[in-house]
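>>> sequence plus the predicted model coming up.
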Amino acid sequence: MSEQIRFDCHLHSCFSSDSKARPEDVIRTAVGKLSGICVTEHNDFDYPPEDGKTVFNLDPDEYLSAYEALRPALPDSFTLLLGVEQGLQKSVADRVNAYDPEGRLDFIIGSSHLVRGNDPYYPSFWEGRSVTDALGEYFDSILENLSCCRNFDVYGHLDYITRYIPGRPKDFRLPDSCTDQIDEILKKLIALEKGIEVNTAGFCYGREPNPGRQILTRYRQLGGEILTVGSDAHRPEDIAFHFGACRELLLSCGFRYVTVFKKRRPAFVRI
């Protein structure tokens, strides 16, 4: 696995409400590209209904059974891990902290898709808000989540909100007003022995991954070491998206290892 990133730690299939990918197609594509994957289907407690339908309400038994049924046919050289991308909010902290009591999962990504009930993905989120105010509210919500949610291994796409800034310029940088919030977030994660994820879906927008160089460099300066890499693929063809460019960015920020979790324990892999 040296000199490349050969493990995708964030991807979805049809057990996530926003994907139609069949598990067998995910596996077939991944085996051709990588040495292993961790599937991380969405679970977002209290996500607002879409068109009157409940979304991101994962059935873990159905999900895990479907992938376990595919395991016997895998080549010995390929590792299949199973996890969840868990939406974090203060209002659902008790359910988040009690999730997977049997310890069946390998990995839990904690993500902020909702800012106190509203998703920045939708244009309506931005109505009546300046970009600076919206970013401040978003990072404040992460700090709030870190005060009460503990049952996760890394924080996913830490600057998720920046993908959807209206009219965002390609040379966008987080404003100085966010510096103290981001430092506090990173310091808390390190103190809690949690990591962050580098999410290469950001490259889809012709930009950096999430988070980008600005946050990654600061995380390294503060002593952060736990770092997973995921494509956030919702289609098989996007598995390991731009992993080469991601590796070069990580090396330039001072990282020499990425992390893979198995049974919620981190292993460091040289890149």
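Sure, I can see it.
>>> contacts, neighbours, all on C-alpha from now
OK.
>>> hey, where'd the strands end up in the protein?
Ranges of strands within the chain are 7-8, 36-43, 79-87, 107-111, 154-155, 195-199, 227-230, 257-262, 265-270, based on DSSP state E.
>>> pipe the ones you listed into CSV and attach mean neighbour count and mean pLDDT per row.
Putting the strands of the chain into CSV (neighbours: other CA atoms under 10 Å; pLDDT from 0 to 100) gives the following:
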stretch, mean neighbour count, mean pLDDT
strand 7-8, 27, 98
strand 36-43, 26, 98
strand 79-87, 23, 98
strand 107-111, 27, 98
strand 154-155, 24, 98
strand 195-199, 27, 98
strand 227-230, 26, 98
strand 257-262, 21, 98
strand 265-270, 14, 97
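>>> turn the ones you listed into CSV, including distance to R173.
CSV is the format used below for those (distance: least, CA to CA, whole Å):
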stretch, distance to R173
strand 7-8, 27
strand 36-43, 29
strand 79-87, 25
strand 107-111, 21
strand 154-155, 20
strand 195-199, 17
strand 227-230, 21
strand 257-262, 25
strand 265-270, 29
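>>> out of those, which is closest to L174?
With CA to CA as the measure, strand 195-199 is the member of the strands of the chain nearest L174 (16.7 Å).
>>> remind me what the closest one packs against, helices and strands.
Judged by 3 or more CA pairs under 8 Å, 6 or more residues apart in numbering; DSSP states H and E, the packing partners of strand 195-199 are strand 154-155, strand 227-230.
>>> how about the helices in this structure?
In the chain, the segments counted as helices under DSSP state H are 23-33, 60-68, 93-97, 131-146, 179-191, 213-221, 243-252.
>>> name the nearest residue to D119, sequence neighbours excluded.
H113 (5.7 Å; CA to CA, 6 or more residues apart in numbering).
>>> turn the helices of the chain into TSV, columns for mean neighbour count, distance to V269 and mean pLDDT.
Output for the helices of the chain, formatted as TSV (neighbours: other CA atoms under 10 Å; distance: least, CA to CA, whole Å; pLDDT from 0 to 100):
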stretch	mean neighbour count	distance to V269	mean pLDDT
helix 23-33	16	17	97
helix 60-68	14	25	98
helix 93-97	17	28	98
helix 131-146	18	27	97
helix 179-191	17	19	98
helix 213-221	17	16	97
helix 243-252	17	12	96
